[in-house]
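Q: pasting the structure only:
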């Protein structure tokens with residue numbers, strides 16, 4: 001008879017302490033366990049690390065320590081690395097490790113596929129299979145971090161996180177929230193809230209609960225200041241239009257130097273014109289906003305085209321005239337379909 005054990009990676013530190021206490025074991029041992037899981041990440045639960053034989057026995061019979069399996073690894077010319085990871089039920093997602101100047105960022109998936117059906121996104125053509133559990137999202141992070149330690153040891157400090165992989169994170173609110181809380185635990189991975197950015201297409205029920213998260217960064221996939229164009233790009237906008245969206249965004253509490261990042265996917269001859277710049281300027285100039293311009297990343301079967309570099313630069317220059325902090329996001333990993341909007345697994 002097979003016994004399905006709870007994953008150790010689904011337990012918060014407080015939950016672990018409570019379980020140990022009920023078993024008559026030292027609550028303080030939970031801190032040692034967390035350090036081994038998230039700082040050491042080598043699975044060595046030994047007496048030298050404060051793990052008694054009784055505690056070892058309890059852990060072995062109570063918890064599953066399995067991480068997602070890395071099925072394939074693809075390396076891009078710019079050192080972006082894409083992992084195909086398989087869960088215990090055979091479902092697969094893609095996770096991307098992205099290089100920056102001083103450290104790497106992990107782009108995590110929150111769902112197997114996505115229900116949002118955004119027309120510019122390769123993942124959207126896959127449909128939604130299921131939500132990922134906390135253990136599976138954390139597992140992606142740990143596997144990517146361990147690979148980083150082995151292959152880029154000089155940049156193996158805890159990677160930043162962007163929830164910009166497959167899925168709408170706020171559509172899987174509770175599991176993503178718990179993931180964030182566990183990874184922020186000082187006795188564990190000890191990430192800072194500003195190291196984590198969650199990207200949303202504008203799923204209003206989740207945005208209205210965003211204050212429940214620790215003070216992590218929010219990125220909103222805007223892509224057009226006009227409902228008509230945004231309806232085409234993000235069908236979700238038909239239910240939660242720009243007016244409703246900004247009502248919710250304006251209620252989100254921000255720290256003193258915190259901004260909302262607005263992602264603007266620049267598509268040739270669709271949303272790169274003067275009217276779009278002017279309306280975008282009106283919409284954001286009086287808000288605490290940063291605009292990230294993302295030149296469209298083409299994928300097989302896409303109906304959209306990438307604008308010229310000249311158009312991208314002109315759009316940035318004119319939008320900046322409204323006093324809005326504007327940047328162009330460098331495309332990374334597009335040669336292995338690992339760039340923004342290019343993730344998809346053929347068999348989930």
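A: Happy to help now that I have it. Remember, it's a predicted structure, so these values are computed and weren't measured experimentally. Residues are numbered from 1 along each chain as shown.

Q: C-alpha only now, for contacts and for neighbours.
A: Fine.

Q: residues in contact with the residue lying closest to residue 165 once chain neighbours are set aside?
A: Spatial nearest neighbour of residue 165, chain neighbours left out: residue 109 (4.1 Å); criterion: Cα to Cα, 6 or more residues apart in numbering. By Cα atoms under 8 Å, 6 or more residues apart in numbering, the contact list for residue 109 reads 93-95, 137, 163-167.

Q: which one among these gets closest to residue 50?
A: Proximity of the contacts of residue 109 to residue 50 (Cα to Cα) peaks at residue 137, which lies at 27.8 Å.

Q: first-to-last residue distance for stretch 111-120?
A: 18 Å (Cα to Cα, to the nearest Å).

Q: try stretch 238-253
A: From the first residue to the last, stretch 238-253 extends over 26 Å; the measure is Cα to Cα.

Q: what's stretch 38-48 in contact with?
A: Identification of contacts with stretch 38-48 by Cα under 8 Å, 6+ apart yields 33, 36-37, 51-53, 56, 142, 146, 188-189.

Q: check what pLDDT residue 149 gets.
A: The score at residue 149 is 94. That number is its pLDDT.

Q: can you pull out the low-pLDDT segments for the stretch 51-200 of the chain?
A: Regions of the stretch 51-200 of the chain meeting the criterion pLDDT under 70 cover residues 123-124.

Q: follow-up on the earlier one: mind checking which of the contacts of residue 109 are in helices?
A: Per DSSP state H, helices hold the following members of the contacts of residue 109: residue 137.

Q: now the contacts of residue 109 as JSON lines including neighbour count and distance to residue 301?
A: Rendered in JSON lines, the data for those read as follows (neighbours: other Cα atoms under 10 Å; distance: Cα to Cα, whole Å):
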{"residue": "93", "neighbour count": "29", "distance to residue 301": "20"}
{"residue": "94", "neighbour count": "25", "distance to residue 301": "19"}
{"residue": "95", "neighbour count": "28", "distance to residue 301": "22"}
{"residue": "137", "neighbour count": "24", "distance to residue 301": "29"}
{"residue": "163", "neighbour count": "23", "distance to residue 301": "25"}
{"residue": "164", "neighbour count": "23", "distance to residue 301": "21"}
{"residue": "165", "neighbour count": "29", "distance to residue 301": "20"}
{"residue": "166", "neighbour count": "29", "distance to residue 301": "18"}
{"residue": "167", "neighbour count": "32", "distance to residue 301": "20"}
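
Q: and the contacts of stretch 38-48, which is closest to residue 305?
A: The shortest distance between residue 305 and any of those, using Cα to Cα, involves residue 142 and amounts to 35.5 Å.

Q: tell me if that closest one really is in a helix.
A: Yes. According to DSSP: H, G, I helix; E, B strand; the rest coil, residue 142 belongs to a helix.

Q: ok, back up a step: okay, the contacts of residue 109 in JSON lines with distance to residue 174 next?
A: Formatted as JSON lines, the entries for the contacts of residue 109 read as follows, by distance: Cα to Cα, whole Å:
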{"residue": "93", "distance to residue 174": "19"}
{"residue": "94", "distance to residue 174": "21"}
{"residue": "95", "distance to residue 174": "20"}
{"residue": "137", "distance to residue 174": "12"}
{"residue": "163", "distance to residue 174": "14"}
{"residue": "164", "distance to residue 174": "17"}
{"residue": "165", "distance to residue 174": "17"}
{"residue": "166", "distance to residue 174": "17"}
{"residue": "167", "distance to residue 174": "14"}
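
Q: filter the contacts of residue 109 down to the ones in strands?
A: Of the positions in the contacts of residue 109, 93-95, 163 sit in strands, assigned by DSSP state E.

Q: redo those residues as JSON lines? Include distance to residue 83.
A: As requested, the ones in strands among the contacts of residue 109 are exported to JSON lines (distance: Cα to Cα, whole Å):
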{"residue": "93", "distance to residue 83": "8"}
{"residue": "94", "distance to residue 83": "6"}
{"residue": "95", "distance to residue 83": "5"}
{"residue": "163", "distance to residue 83": "15"}
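
Q: the stretch 51-200 of the chain: strands as residue ranges?
A: Here the stretch 51-200 of the chain has its strands, by DSSP state E, counting those that start in this stretch, at 63-64, 69-75, 81-86, 92-99, 104-107, 111-113, 128-131, 160-163, 196-200.

Q: mind checking which of these is nearest residue 227?
A: Put simply, out of those the one that sits nearest residue 227 is strand 196-200, at 16.7 Å, with distance taken as Cα to Cα.

Q: so what strands line up beside the closest one?
A: Strand partners for strand 196-200, identified by DSSP bridges, are recorded as strand 160-163 (parallel), strand 217-221 (parallel).

Q: now distance to residue 209 too, for those, in TSV please.
A: Listed next are these as TSV, based on distance: least, Cα to Cα, whole Å:
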stretch	distance to residue 209
strand 160-163	17
strand 217-221	12
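
Q: between the ones you listed, which one is nearest to residue 76?
A: Judged by Cα to Cα, the one of the strands paired with strand 196-200 that comes nearest to residue 76 is strand 160-163, at 18.9 Å.

Q: contacts for that closest one?
A: Here strand 160-163 has contacts from 103-110, 169, 191, 195-199, using Cα under 8 Å, 6+ apart.
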